[in-house]
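Sequence below, structure please.
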Amino acid sequence: MPADTLLTAVRSHLDLAPTHRVLMEPIQKGASGRTIIRISPDDYPSFIGIHYTLERSDNANFLPVAEFLKEAGLNIPDVLYDNTRRQVALIEDLGDQDLLSLKDAPFKEREPYYRSAFEQLDKLLYTRPPKDFDLQPIFDEPLYRWEQEYFFEHFIETHLGKDSSALSENPILQGLAKRIGATAPHMVHRDFQSQNLMLNSGTTYLIDFQGLRMGRQEYDLASLLYDPYMNHSPEDRRKLLELWEEVCEEEPIEPILKDCAAQRLMQALGAFSNIGHNENDKWYLAQIPTAIAYHYRASKGLEFIPPDSSMTRSENFFQMCFGSLPSEKVISSYIP
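All right, here's what the predicted structure looks like:
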């Protein structure tokens, strides 16, 4: 069992007696296919224990990527112990506060952490790995097409119950993948969003970085600017873009940024649907109408309308998109 393996790891790391009390608290963090547990031995600081399988190829990259990023000077938690044979690691406990926890805070309170996140992203983009470093496959046109197929399979077919065959051959989506996959000049995190940015002592730390690869910088930037968990208003997104330009001293290529935002939101909707239905995680299903509505209103420069707990999921979808409800017949015909 993963918990037993992690308990053995912490006892070995600290040379604890079998009777030494150790508290273990499971942590549900994203959907990386790993078991993550906060481990708190009496009289010692707590650790975050990670047990991973090799079903996902990127999990094996966590430890070498962590070493590489630490040497490059990026803010990541320290790896305190690892055992690749048992597929476990103990890392520094940065606490429970991630950027998502500040979702409802004033922008002034969030701004220093976004600045810190952008500083890390800027540093990451211009970091170069050694020639023999084993990164994940490059972010190219086939991988963007794979993300689109993931969206078709899980969101269009599983969640909406619709046939996606026409979309799969859609020349607009094919062109989108071709444009943003034409070049991959920078190192990218690939999941640069509020749940993967931990806040500790006034600084932002990166986690879940095992998917590191070469790609377009605009993909990571779009992942944060159009983060469906945060639901930025157009004004806040404008401030964030200005902050990014101040930190990196350059403007993103706007058409490419918008292309990357559309691509990223398709990937997110595919992930929400996959995790929600196949892992029965209702929290992710609850994000879907918000993500769709956010994308719709953000693309038109409209203020975001928050969900109303008194409404059904279908009612919320129309209210958040359009600011009003259509007839009952229309509402009942569509389940977002």
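
Mind listing what's buried along the longest helix belonging to the chain?
Identified as the longest helix of the chain according to DSSP state H is helix 254-278. Neighbour-count burial for helix 254-278, with 16 or more other CB atoms under 10 Å as criterion, is recorded at 256-276. C-beta here means a position set from N, CA and C on the backbone, and glycine is covered the same way.

list the helices and strands it packs on?
helix 141-151, helix 171-180, helix 217-225, helix 282-299 (3 or more CB pairs under 8 Å, 6 or more residues apart in numbering; DSSP states H and E).

Out of those helices, which gets nearest to T35?
helix 282-299 (18.2 Å; CB to CB).

shaky segments in this protein?
The model of the chain has pLDDT under 70 over residues 29-33, 295, 298-299, 301, 333-336.

Pop the domain breakdown of it in here.
Using automatic domain parsing, the domains assigned to the chain come out as 2-92, 99-285.

Comparing those domains, which comes out most buried?
domain 99-285 (a mean of 18; mean count of other CB atoms under 10 Å).

chain center to it: distance?
Distance of domain 99-285 from the chain centroid (CA atoms, centre = their mean, to the nearest Å) equals 7 Å.

follow-up on the earlier one: nearest to D42 among the helices and strands packed on helix 254-278 would be which one?
helix 282-299 (32.6 Å).

could you give the angle of the helix or strand that the closest one is followed by to helix 282-299?
Using DSSP states H and E, the helix or strand that follows helix 282-299 towards the C-terminus is helix 313-322. Between helix 313-322 and helix 282-299, the angle comes out at 20 degrees (axes from the mean of the first three to the mean of the last three CA atoms, to 10 degrees).

Now do the buried residues in helix 313-322.
314-321.

so how far is that helix from its chain's centroid?
With CA atoms, centre = their mean, you get 24 Å for helix 313-322.

Find the residue at the geometric middle of this protein.
Compute the mean C-alpha point of the chain, and by CA atoms, centre = their mean the closest residue is D191, 3.8 Å away.

Tell me the secondary structure of the residue lying closest to it once chain neighbours are set aside, please.
Closest residue to D191 apart from its sequence neighbours, by CB to CB, 6 or more residues apart in numbering: D208 at 5.7 Å. When classified by DSSP: H, G, I helix; E, B strand; the rest coil, D208 comes out as coil.

hang on, isn't D208 packed against N196?
Yes. Using CB atoms under 8 Å, D208 makes contact with N196 at a distance of 4.4 Å.

OK, contacts around the residue lying closest to N200 once chain neighbours are set aside?
Closest residue to N200 apart from its sequence neighbours, by CB to CB, 6+ apart: L94 at 4.4 Å. Listed by CB atoms under 8 Å, 6 or more residues apart in numbering, the contact partners of L94 are 48, 77, 198-200, 205, 207.

Report the separation between L94 and F62.
As judged by CB to CB, to the nearest Å, L94 and F62 stand 16 Å apart.

swap in E119?
Distance from E119 to F62, by CB to CB: 23 Å.

got it, and L240?
Relative to F62, and taking CB to CB, L240 is found at 28 Å.

can you check Q263 too?
Separation of Q263 from F62 (CB to CB): 25 Å.

my guess is V65 meets L206, correct?
No. V65 is not in contact with L206 according to CB under 8 Å; the separation is 10.2 Å.

Can you tell me the SS state at the residue nearest to N200?
Relying on three-state DSSP, one would call L94 coil.

cool, V10 as well?
helix.

Identify the bridge partners of the residue nearest to it when sequence neighbours are not counted.
With CB to CB, 6+ apart as the criterion, V10 has its nearest non-adjacent residue at 5.1 Å, and that residue is I39. Counting by DSSP bridges, I39 forms beta bridges with M24, F47.

Next, the contact list for I39, please.
6-7, 10, 22-24, 46-49, 90.

cutoff 10 Å now
When contacts are counted by CB atoms under 10 Å, 6 or more residues apart in numbering, I39 touches 3, 6-7, 9-11, 13-14, 22-25, 46-49, 90, 93.
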